[in-house]
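Chemist: Take a look and give me a structure for this.
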Amino acid sequence: MSIMSYKEWKSRTSAAFKPRSKELKYLDACIKEYDRNRGSRPHFDTIVWAYQAWVATKTNSELSVRNKSGAVSDLLAQIVAFRDAHMPFAHQGGSPLRSNALLRDIKEGAKLLGEGKLKPQVKVHIPEAVVDSGKGKGSVVWEDFEASQLTKARKGWSDAFDAAKLAYESMLFKIGNDTNEQIRFQRWFGNPTREAINTVREGTRKMWNTFQTSPVTIVLHEDIILHYVQDGSPFGEMEEGSFGGKDVYGYVWNHKAGSGYRVIMGQWFLADPDPIDGAAETVYHELSHKVLGTVDHIYGKIQSRGLAASQQRLALTNADNWAWFAMSFLKYI
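Modeler: As a prediction, the model looks like this:
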């Protein structure tokens, strides 16, 4: 699915006696420029940024007069389709992830073990751990964080904790009689059917319970290198992806240890300039994998909204849809 032409966009979004805002004019200009450079990733990115800026000025862009012919909804679907076709996903297909050289180490270790040559490792890195418990917002152990990094990390956890509480309270008390909450639900999960509402209500309950009662260990690995695993075998073939430390927010292993939940955070957990989009969203996103068994069909605000509008079943199992829904209680998204 290609991005519609500038001519089609202008024609379908025109409205008599309704001047175009500066944000909409900027989006117009970006689509026009893309028309001259079709397929260009940088030019496509400007459309995404411009679309986000315009949507941020609307309570509900889908109810805008500019969408009377479905042009806004179609543009969103086209953006999502382009991203799906041109961007890899770190958790594609729900495949587990392994850090760089892990497979090599496993095979070498198995070989040495079989030969009776495996010896205890003397020099072991013991992560620096800081324990936060009994402070009113869950129980968290922080590993490998510098003192200067802990302030931002703790703020991310605190924001995610608050978002989890607000999301559950909304689903418990407001969704049935508050139009704004129904609009919020539809934005991130699609049509608010009884079945969908029950799914999200139960999911937000589990997430809120986890934030309150489950021990969570958050580990900072700023130099993560991730590989895709092609099958379920521990010795399955791996393909190196493009996700290094500078690209990774976080990841989890697909199991729960008896001691609680363990989440590995990458460089962008702290580096994202928006603390809610970065640290808080990542905490909720990664824990949803553990608690709800979510997967990563797609990433991003626009892509998540597109998924909710077009494929509700997938939106209800997509980690970013759950996370952005929760974050929407902390800021307008």
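
Chemist: where along the stretch 51-200 of the chain do the helices fall?
Modeler: Secondary structure of the stretch 51-200 of the chain by DSSP state H, counting those that start in this stretch: the helices cover 71-86, 102-114, 147-169, 179-189, 194-213.

Chemist: So which of the ones you listed is nearest E281?
Modeler: helix 147-169 (7.6 Å; Cβ to Cβ). For the C-beta atoms, the positions are set from N, CA and C on the backbone; glycine is no exception.

Chemist: about what we covered before: mean pLDDT for the helices of the stretch 51-200 of the chain: which is lowest?
Modeler: Comparing mean pLDDT across the helices of the stretch 51-200 of the chain, the lowest value falls on helix 102-114: a mean of 57.

Chemist: ok, now which ones touch N191?
Modeler: N191 makes contact with Q312, according to Cβ atoms under 8 Å, 6 or more residues apart in numbering.

Chemist: which parts of stretch 207-217 are buried?
Modeler: Across stretch 207-217, burial judged by 16 or more other Cβ atoms under 10 Å covers M207, W208, T210, F211, S214, P215, V216, T217.

Chemist: Need the CA coordinates for that stretch. CSV is fine.
Modeler: Extracted C-alpha coordinates of stretch 207-217, given in CSV (Å, rounded to 0.1, in the frame of the first residue of the first chain):
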residue,chain,number,x,y,z
MET,A,207,-0.6,-5.5,35.4
TRP,A,208,-1.6,-3.4,38.4
ASN,A,209,-1.3,-6.4,40.7
THR,A,210,2.2,-7.0,39.3
PHE,A,211,3.4,-3.5,39.9
GLN,A,212,2.1,-3.7,43.5
THR,A,213,3.1,-7.2,44.6
SER,A,214,5.7,-8.9,42.3
PRO,A,215,9.5,-8.5,42.8
VAL,A,216,11.0,-7.0,39.6
THR,A,217,14.6,-6.8,38.7
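
Chemist: Tell me the pLDDT of the residue sitting nearest the centre point of the chain.
Modeler: Among the residues of the chain, the one closest to the centroid is D320, at 3.4 Å (Cα atoms, centre = their mean). Per-residue pLDDT puts D320 at 94.

Chemist: and the nearest residue to V140 once chain neighbours are set aside, how many neighbours does it have?
Modeler: Spatially, and ignoring its direct neighbours in sequence, V140 is nearest to D132 (4.6 Å; Cβ to Cβ, 6 or more residues apart in numbering). Counted by other Cβ atoms under 10 Å, the residues lying close to D132 total 18.

Chemist: Can you pull out the low-pLDDT segments for the stretch 1-150 of the chain?
Modeler: 1, 84, 86-114, 116-131, 133-135 (pLDDT under 70).

Chemist: and the helices of the stretch 51-200 of the chain as JSON lines, adding distance to G293?
Modeler: Conversion of the helices of the stretch 51-200 of the chain to JSON lines gives the following (distance: least, Cβ to Cβ, whole Å):
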{"stretch": "helix 71-86", "distance to G293": "22"}
{"stretch": "helix 102-114", "distance to G293": "23"}
{"stretch": "helix 147-169", "distance to G293": "17"}
{"stretch": "helix 179-189", "distance to G293": "16"}
{"stretch": "helix 194-213", "distance to G293": "10"}
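
Chemist: So which of those is nearest A280?
Modeler: helix 147-169 (3.7 Å).

Chemist: in that closest one, what counts as buried?
Modeler: Neighbour counts over helix 147-169 (16+ other Cβ under 10 Å) mark 152-154, 156-168 as buried.

Chemist: need the strands for the stretch 201-333 of the chain, in chain order.
Modeler: Taking DSSP state E, counting those that start in this stretch, the strands of the stretch 201-333 of the chain run over residues 215-220, 226-229, 238-240, 250-251, 261-265.

Chemist: Counting by contacts, list what the first one packs against.
Modeler: With contacts defined as 3 or more Cβ pairs under 8 Å, 6 or more residues apart in numbering; DSSP states H and E, the secondary structure elements packing on strand 215-220 are strand 139-143, helix 147-169, strand 261-265.

Chemist: try the last one
Modeler: Using 3+ Cβ pairs under 8 Å, 6+ apart, the elements in contact with strand 261-265 are strand 215-220, strand 250-251, helix 281-292.

Chemist: Swap in 6 Å and give it another go.
Modeler: Strand 261-265 sits against strand 215-220, strand 250-251, with contacts defined as 3 or more Cβ pairs under 6 Å, 6 or more residues apart in numbering; DSSP states H and E.

Chemist: average model confidence for the first one?
Modeler: What it means is strand 215-220. 88.

Chemist: partners of it in the sheet?
Modeler: Note on strand 215-220: by DSSP bridges, its sheet partners are strand 139-143 (parallel), strand 261-265 (parallel).

Chemist: Give me the neighbour count for the closest residue to T213 other than its chain neighbours.
Modeler: Excluding the flanking residues, the one nearest T213 by Cβ to Cβ, 6+ apart is G138, at 7.6 Å. Close neighbours of G138, defined as other Cβ under 10 Å, add up to 20.

Chemist: Tell me the spacing between G138 and R201.
Modeler: G138 sits 21 Å away from R201 when distances are taken as Cβ to Cβ, to the nearest Å.

Chemist: Please apply the same query to Y51.
Modeler: For Y51, the distance to R201 (Cβ to Cβ) stands at 31 Å.
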